[in-house]
Structure formats: C-alpha cells, structure tokens
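Novice: Need the 3D shape of this:
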Amino acid sequence: MTEVAVDVLRRVRATRYVEPLREGGSLPGLVEADDLGTYVVKFRGAGQGLKALVAEVVVGELARRLGIRVPEQVVIELDPDIGRREPDREVQDLLLASPGPNLGVDFLPRSLGYDGISWRPDAATAGRVLWLDALTVNVDRSWRNPNLLVWHGELWAIDHGAALLFQHTWPAAAEFARRPYPLDDHALWPFRRAMSAADASLAPRVTDGLLSDVIALVPDEWLPAAERPRYVEYLSARVAASATWLPEERP
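Specialist: Here you go, the predicted model:
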C-alpha cells in the first residue's frame, strides 16, 4: 500500500503519456507505466528543476515515516520517443527536455480536493500535516492551492516541491532553523492548536538517522552525494528549534 515506507524508490518505465494536468505551473502529466500503474509525473525538465524533485522525495518520504498519508513515489524512466509523438508543442518540448529518471506519484482515482467544508480531518491528522509543513517551510498549502486530497475518507498530502527553501539559497543553518512559517494562509490553519501535540509526538522521531535514510531515497541523478549531509544538518537544526516557529497558543 502507499503508506508503507521503503528502502529505495521503485523504478518503472513510462509506456504512454495520457494527458497534461494544467492546475500547476510545472505542467505535470498523467502517465501510464510498465507496472500497469498510472502516475502523476513531475518532469525534470520543468522550470522548477531538479531541486523541486528533491523536495518532493525528501518531504514526501519523511511524511510517510511520520504517519502522514502520501501517495507512493516512484522513479519513472522516460524515453524521448514518447515525447516526439505528442501533438501539443508545449508538452512535447517538456517531454523532450526530460529524458531519463523523473518523479512519478501514484494517481489516486476519484479523489477529491480538500475544501474544508464538505469534509474535515480529525485535529491530530491536520496537526501533523501542519507541523511537517512548518518544519520543511512548505509555502504551497494555501487555500488558493491546498495540495490536499480526500481519498477513501482519509486526508492525503501531495505536492511538496515548494518546500525546503534553504536548498535554493543556503542561508546560515541557524537562520533557517528559526525562520517563521506563514500559518495564517495555510489551508489547515483552523487546526493550528494541534501543532503542539504533533511537535511533542513527531519531533523526537526526526533523528539524523531518519533524515539520512529519507535523503538516501533521492536518486543519485538528482542530488550529488556530497550535498546530502547539508540537508540533514538543516532539517535537524530546524527540528531542534521548533519552539521558535510553533504558533502561540491563542484562539
């Protein structure tokens, strides 16, 4: 099942490009693979680049290990010939710019976008998602684009490419550790009072060993080995400084 933690991301091969998903700026696409699965594919040739794929894997797999539901992630190999058969020029250019390993996220059929009205998660579940987003400084979970799905009566978190902002500028680790998080715009803001309980439960589990295991899942083609210890350093520092970015206990 999609909740099970893995030691390595499965590798599959794309067999057919189905259609573009134009909700996001990176133009992900629905793709069928040789394992008979269907995946939402984030392409390495998109404008956000490889660091967005690194963030997707690191944050998504950290979420899985902390008990937050996320769809299975795979490395999906793309043959340029698939792109040459696409009539849409924008899609064709993207596929031709993305040969080799891309990121596939298991497609959840008939899932619904979270709107906070027709269905609401329990406070503990929402608090864990909020806490993880604050830890990783995920700036893409607002009401404009919640990136949350409801599937089989459960909340699923998707799209973590906008997290790990430190990897774009590498500020001082201590500066990143204390960076405030803009909770007021978060789609799960009504559940903010559950973050303290989430911190007490989750922070002790985010050890250097766990972070190293998660970062090891990023394909070598996307992240050089020499850069990986810095991710552990920055995320460990932020976990240790959680008291500085947890919201005040207020109504």
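Novice: So, low pLDDT: which residues of this protein?
Specialist: 1-4, 24-25, 249-251 (pLDDT under 70).
Novice: what lines up beside the top strand by length along it in the sheet?
Specialist: Across the chain, the longest stretch assigned as strand under DSSP state E is strand 11-20. Partner strands and pairing direction for strand 11-20 (DSSP bridges) are strand 29-33 (antiparallel), strand 73-78 (parallel).
Novice: Output these in CSV, with distance to residue 40 appended to each entry.
Specialist: No exception for glycine: its C-beta is placed from N, CA and C like everyone else's. Below are the strands paired with strand 11-20 laid out as CSV (distance: least, Cβ to Cβ, whole Å):
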stretch, distance to residue 40
strand 29-33, 6
strand 73-78, 10
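Novice: Save these as TSV, and put in distance to residue 144 and mean neighbour count too.
Specialist: Formatted as TSV, the strands paired with strand 11-20 follow (distance: least, Cβ to Cβ, whole Å; neighbours: other Cβ atoms under 10 Å):
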stretch	distance to residue 144	mean neighbour count
strand 29-33	22	20
strand 73-78	24	23
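Novice: coming back round to it: how about the longest strand of the chain: buried residues?
Specialist: 12, 14, 17 (16 or more other Cβ atoms under 10 Å).
Novice: how does this structure divide into domains?
Specialist: The record assigns the chain these domain ranges, following automatic domain parsing: 11-106, 112-245.
Novice: So for residue 5, which of these sits nearest?
Specialist: With Cβ to Cβ as the criterion, residue 5 lies closest to domain 11-106 of the domains of the chain, at 5.3 Å.
Novice: I'd assumed residue 41 was in a helix, is it?
Specialist: No: counting by DSSP: H, G, I helix; E, B strand; the rest coil, one finds residue 41 to be strand, located in no helix.
Novice: That one reaches residue 103, doesn't it?
Specialist: Yes: assessed by Cβ atoms under 8 Å, residue 41 is found in contact with residue 103 at 6.8 Å.
Novice: Mutual contacts of those two, please.
Specialist: Both residue 41 and residue 103 are contacted by residue 76, under the criterion Cβ atoms under 8 Å, 6 or more residues apart in numbering.
Novice: residue ranges for the strands of the chain, please.
Specialist: Counting by DSSP E, the strands of the chain are 11-20, 29-33, 38-42, 73-78, 100-106, 112-113, 148-151, 154-157.
Novice: That concludes my questions; thank you for your assistance.
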